[in-house]
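**Q** got a predicted model here, sequence first, then my questions.
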Amino acid sequence: MLKRQILIAYPIALQETLVMFSFTIFYKIMGTLGAVQLAATHIIFKIMHASFMPAIGIGQACATLVGKFLGEENPDKAERAINESLRGSLMVMGTVGLCFVLFAEFIIPLFIADSNVIKLAVPGLRFVGLLQFADAVCFTTWFALTGAGDTKIPALVDILTHWILFIPACYLLSITFGYGYWGGWISFGLHLIFFACFIYYRFKRGYWKTIKV
């Protein structure tokens with residue numbers, strides 16, 4: 001049993017470690033641009049953390065249902081559970097994202113009074129609000145596939161997109177091509193959209209239905 005758990009869990013452990021390290025590099029690049037850019041980025045991510053908590057909760061519940069239904073050899077019911085979970089996540093995070101877009105100028109000043117940081121963080125939060133839909137797909141579908149035991153390929157692709165797409169694009173756009181603060185956020189958006197498309201495609205392919213845990 002322990003061997004089975006390790007085989008399922010080690011890709012996720014490696015994924016989380018390397019993904020968190022990539023965000024350390026992202027913060028380093030933003031810090032190179034200036035203290036204002038770094039402060040704005042930090043505030044936006046803190047607000048984002050609150051926004052995707054509902055998707056994590058829905059995703060974890062979905063993972064439980066997927067494991068249950070697959071254990072009962074009922075993959076169609078598991079797929080329906082994933083579709084319903086996706087709908088719930090999109091509704092919740094879409095609503096939160098809409099609030100970010102509409103009320104960013106009221107949200108950011110709750111965290112900082114510096115006008116220079118607010119000037120950068122407000123449009124940044126609006127941009128993140130538009131990405132909430134992709135984020136909902138990423139979180140919920142990833143948890144669903146994890147519940148089915150499909151951990152290796154999603155973990156590998158997530159690691160590669162962070163280190164081959166996200167971080168290089170962030171450096172090139174922010175530093176090399178001089179887009180600064182927005183270069184970093186555009187690269188983050190590209191990574192998120194790409195991974196959302198991949199993870200949803202992985203789900204629709206249905207390979208996860210055949211995994212024996």
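**A** Perfect, I can see it now.
**Q** what residues of the helix or strand containing Ala155 count as buried?
**A** According to DSSP states H and E, Ala155 maps onto helix 152-160. Under the neighbour-count criterion of 16 or more other Cβ atoms under 10 Å, helix 152-160 has Pro154, Ala155, Val157, Asp158, Ile159 buried. Glycine gets a C-beta too; all of them are placed from N, C-alpha and C.
**Q** try stretch 70-79
**A** Leu70, Pro75, Ala78, Glu79.
**Q** what about Thr210, distance to Gly189?
**A** In this view, Thr210 and Gly189 are 33 Å apart by Cβ to Cβ, to the nearest Å.
**Q** what about those two, which has more around it?
**A** Using other Cβ atoms under 10 Å as the criterion, Thr210 and Gly189 rank with Gly189 on top: 17 against 10.
**Q** okay, the buried residues of stretch 70-79 in JSON lines with secondary structure, distance to Ile12 and pLDDT next?
**A** Putting those into JSON lines (DSSP: H, G, I helix; E, B strand; the rest coil; distance: Cβ to Cβ, whole Å; pLDDT from 0 to 100) gives the following:
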{"residue": "Leu70", "secondary structure": "helix", "distance to Ile12": "18", "pLDDT": "93"}
{"residue": "Pro75", "secondary structure": "helix", "distance to Ile12": "22", "pLDDT": "93"}
{"residue": "Ala78", "secondary structure": "helix", "distance to Ile12": "19", "pLDDT": "94"}
{"residue": "Glu79", "secondary structure": "helix", "distance to Ile12": "22", "pLDDT": "95"}
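**Q** now these as TSV including distance to Val19?
**A** Converted to TSV, the buried residues of stretch 70-79 look like this (distance: Cβ to Cβ, whole Å):
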residue	distance to Val19
Leu70	26
Pro75	29
Ala78	26
Glu79	27
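**Q** which one among these gets closest to Cys197?
**A** Using Cβ to Cβ, Glu79 comes nearest to Cys197 of the buried residues of stretch 70-79, at 18.6 Å.
**Q** for the closest one, what are its contacts?
**A** Listed by Cβ atoms under 8 Å, 6 or more residues apart in numbering, the contact set of Glu79 reads Gly206, Lys209.
**Q** distance of it from Cys62?
**A** Counting by Cβ to Cβ, the gap from Glu79 to Cys62 is 11 Å.
**Q** one more: Met20?
**A** Using Cβ to Cβ, Met20 is found at 23 Å from Cys62.
**Q** same question for Thr151.
**A** Separation of Thr151 from Cys62 (Cβ to Cβ) stands at 15 Å.
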